[in-house]
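Peer 1: missing the sequence, but the structure's below:
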């Protein structure tokens, strides 16, 4: 590694202290006067100023879209996991368009796939990212008959997605098309902080039976 | 009516407003990314640390007591996460600098420079505390007293870390040369 230069005249570190405003006014004036008589010291001060200028030229790089989507998804998962703990008011929750759009778009780009509600895109290709899709429906409760907790519990008991309790609180959901099949996506609390389940079942799921189309567990 | 202040957004978040934290994050996300990526150099590490900081801030909002500004509080979480990461890991050897460092370097002193690193590479040579101080003060342009608040150290300590860091960087970048020794 290149080491800082050592000088015979005014020490480089002393000049750096002067440059950084570390010296008291009297001492600073003394060192500044001495430096003015010393071409080497003047060059060091100029070099330090040049270093600061070069650092200042570094512009912040833009946030890559994939990272931004990841952060939004992490915060969305955190919000979903904490909502029951805080006993927040039960409102008709609205998905934040910017947040969801970024997360879904990022997932779609990465997976080369599209996820969309049934009415907008009747066919959904393979490769859907259930995690992002699940987080995107947080707060939407458009799940038809499965809004009924008893029917939903019966459905979940019938399809038995691994690790999902039938009475798991519903955090959101909506109709989807998954791999070309109509389905209902449910975002369910996982019983532990930061843990969520995304479950997709075929329409008509209930105590009498159902078809599990997909499931994923999100761990914060 | 103007935009809510940072403190108002944080208070709204604590009161259960589901959008408030997102608005707060939107104000600082780019800056947090800039600090993290300049401090840690590797984009993937920087992204991890920003995420850790955001989640920690989300969870810890209830503990915010207002002793520091929200901006200071948020960046303190980030900087501490960066320093923790720097201390823990030395695994990254290669860096995709082209992804994050598009600026052209000057060519004016090429003939008399023996060793001259890019600014990003040179920053990576600094010890963690010096690096963070230099990134905040010299790269991000923060006032020294605010950096002292973020780092929870005296102003003189920030200045000292910057001074030592600049000397090292000056040598690495070729500003401090043989004839000045």
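Peer 2: Looks like it arrived, so ask away. What you are looking at is a predicted structure, and each value in this text was computed from that prediction instead of being measured.
Peer 1: Tell me, how many residues neighbour the residue in chain B that chain A sits nearest to?
Peer 2: Chain B approaches chain A most closely through residue B:34 (3.1 Å), counting by C-beta to the nearest C-beta. Just so you know, the C-beta spots here come from the backbone N, C-alpha and C atoms, and that holds for glycine as well. Using other C-beta atoms under 10 Å in any protein chain shown, residue B:34 has 22 other residues around it.
Peer 1: Please apply the same query to the one 4 residues further on.
Peer 2: The tally of other residues near residue B:38 (other C-beta under 10 Å) stands at 27.
Peer 1: right, and it touches residue B:122 too?
Peer 2: No. Using C-beta atoms under 8 Å, residue B:38 is not in contact with residue B:122; the gap is 11.3 Å.
Peer 1: any common contacting residues for those two?
Peer 2: By C-beta atoms under 8 Å, 6 or more residues apart in numbering or on different chains, residue B:38 and residue B:122 have no common neighbours.
Peer 1: which ones are touching residue B:173?
Peer 2: By C-beta under 8 Å, 6+ apart, the residues touching residue B:173 are A:51, A:54, B:116-117, B:119, B:122.
Peer 1: Residue A:22 and residue A:73, how far apart?
Peer 2: In this structure, residue A:22 and residue A:73 are 45 Å apart, going by C-beta to C-beta, to the nearest Å.
Peer 1: ignore the last one, residue B:175
Peer 2: Relative to residue A:73, residue B:175 is positioned 43 Å away (criterion: C-beta to C-beta).
Peer 1: Confidence-wise, which helix or strand of the chain is lowest on average?
Peer 2: All of this refers to chain A. helix A:97-111 (a mean of 42; mean pLDDT, DSSP states H and E).
Peer 1: The chain in question should be chain B.
Peer 2: Per mean pLDDT, DSSP H and E, helix B:97-100 ranks last in chain B, at a mean of 38.
Peer 1: Residue A:22 and residue A:73: which is more packed in?
Peer 2: The residue with more neighbours, out of residue A:22 and residue A:73, is residue A:73; 25 against 20, by other C-beta under 10 Å.
Peer 1: Which of the three states applies to that one?
Peer 2: helix (DSSP: H, G, I helix; E, B strand; the rest coil).
Peer 1: how about the residue most central in space within chain B, what does it touch?
Peer 2: Taking C-alpha atoms, centre = their mean, the centroid of chain B lies closest to residue B:35, which sits 2.8 Å from it. Going by C-beta under 8 Å, 6+ apart, residue B:35 touches B:75, B:78-79, B:82, B:135-136, B:140.
Peer 1: what's the helix or strand for it?
Peer 2: Per DSSP states H and E: residue B:35 is located in helix B:20-40.
Peer 1: Now the helix or strand just after that helix: buried residues?
Peer 2: Moving toward the C-terminus from helix B:20-40, the next helix or strand (DSSP H and E) is helix B:43-60. Within helix B:43-60, the residues that qualify as buried by neighbour count (16 or more other C-beta atoms under 10 Å in any protein chain shown) are B:43, B:45-58.
Peer 1: can you tell if helix B:43-60 touches chain A?
Peer 2: Yes. Interface with chain A: helix B:43-60 contributes B:43, B:47, B:50-51, B:54-55, B:58-59 (C-beta under 8 Å from any C-beta of the partner chain).
Peer 1: Any idea which residue of chain A lies closest to chain B?
Peer 2: For chain A, the residue positioned closest to chain B under C-beta to the nearest C-beta is residue A:60, at a distance of 3.1 Å.
Peer 1: Assign that residue to helix, strand or coil.
Peer 2: Applying three-state DSSP: residue A:60 is coil.
Peer 1: From what I see, it and residue B:28 are in contact.
Peer 2: No. Counting by C-beta under 8 Å, residue A:60 does not reach residue B:28; the two are 11.7 Å apart.
Peer 1: what about those two, which has more around it?
Peer 2: residue B:28 (20 against 16).
Peer 1: wait, what's in contact with the residue nearest to the more buried one when sequence neighbours are not counted?
Peer 2: Nearest non-adjacent residue to residue B:28, counting by C-beta to C-beta, 6 or more residues apart in numbering or on different chains: residue B:74, 5.9 Å away. By C-beta under 8 Å, 6+ apart, the contact set of residue B:74 is B:24, B:28, B:32, B:53, B:57.
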